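J.: prediction below, plus the sequence it came from.
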Amino acid sequence: MPQQSKQFQEFHGRSGEMKDSEWLAVEDIVDVVPLDVTIVDVRLRTNVPMEDGRREAKVYSLAFENAKKELIVNATNRRALVSAFGTKVDQWRGKVVTLTVEKLRREFNGRTHGIRVRIGGVA
């Protein structure tokens with residue numbers, strides 16, 4: 001049996017740091033919402049490996065100022081952004097939005113809560 005390393009370091013960070021993902025998740029922000037962020041970029045990625053092992057042909061995401069992770073743009077959040085800023089995504093850059101965590105109406109892929117984009121601090 002391989003010998004277990006006796007070297008360790010105490011960890012005092014956030015649980016989201018334990019998950020190796022470039023995508024913003026509920027557990028990354030649940031205890032700091034509402035969270036105001038500035039959109040710095042709208043990105044399109046192709047052939048993206050997802051957490052459950054499948055690949056998505058296209059993923060659109062928002063990058064935020066001073067953030068390490070991006071938020072995948074789902075239909076609900078896309079509609080909120082279009083309603084507030086229009087259909088031209090170039091108009092979304094530089095805008096401040098509020099991220100909240102909300103209970104989903106129905107479970108989705110084992111998840112019960114989701115990140116929502118709100119405009120003007122409206123929860």
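T.: That came through fine. Numbers count the residues shown, from 1 in each chain.
J.: where's the nearest residue to residue 35 once chain neighbours are set aside, which helix or strand?
T.: Excluding its sequence neighbours, the residue lying closest to residue 35 (Cβ to Cβ, 6 or more residues apart in numbering) is residue 99, at 4.6 Å. Using the backbone N, CA and C atoms, a C-beta is placed for each residue, glycine as well. Using DSSP states H and E, the element containing residue 99 is strand 96-108.
J.: tell me the strands beside that strand, with direction?
T.: Strand 96-108 has the following strand partners under DSSP bridges: strand 35-49 (antiparallel), strand 111-118 (antiparallel).
J.: pull out the buried positions in the longest helix anywhere in the chain.
T.: Counting by DSSP state H, the longest helix found in the chain is helix 75-85. Using 16 or more other Cβ atoms under 10 Å as the test for burial, helix 75-85 gives 77, 80-81, 84-85.
J.: what does the lowest-mean-pLDDT helix or strand in the chain rub up against?
T.: Lowest by mean pLDDT, DSSP states H and E among the helices and strands of the chain is strand 96-108, with a mean of 87. Strand 96-108 has contacts (Cβ atoms under 8 Å, 6 or more residues apart in numbering) with 24, 26, 29-30, 33-39, 71, 81, 84, 111-123.
J.: and if we set it to 7 Å?
T.: Residues outside strand 96-108 that contact it (Cβ atoms under 7 Å, 6 or more residues apart in numbering) are 26, 29-30, 33-39, 111-119, 121, 123.
J.: among those residues, which ones are buried?
T.: Buried among the contacts of strand 96-108 by 16+ other Cβ under 10 Å: 29, 33, 37, 39, 114-118.
J.: okay, now the unreliable bits of the chain?
T.: 1-2, 14-19, 107-111, 121-123 (pLDDT under 70).
J.: rerun that using 80 as the cut-off
T.: 1-5, 11, 13-20, 51-52, 105-111, 120-123 (pLDDT under 80).
J.: Serialize the buried residues of helix 75-85 to JSON lines and add fields for distance to residue 20.
T.: Output for those, formatted as JSON lines (distance: Cβ to Cβ, whole Å):
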{"residue": "77", "distance to residue 20": "23"}
{"residue": "80", "distance to residue 20": "29"}
{"residue": "81", "distance to residue 20": "28"}
{"residue": "84", "distance to residue 20": "32"}
{"residue": "85", "distance to residue 20": "32"}
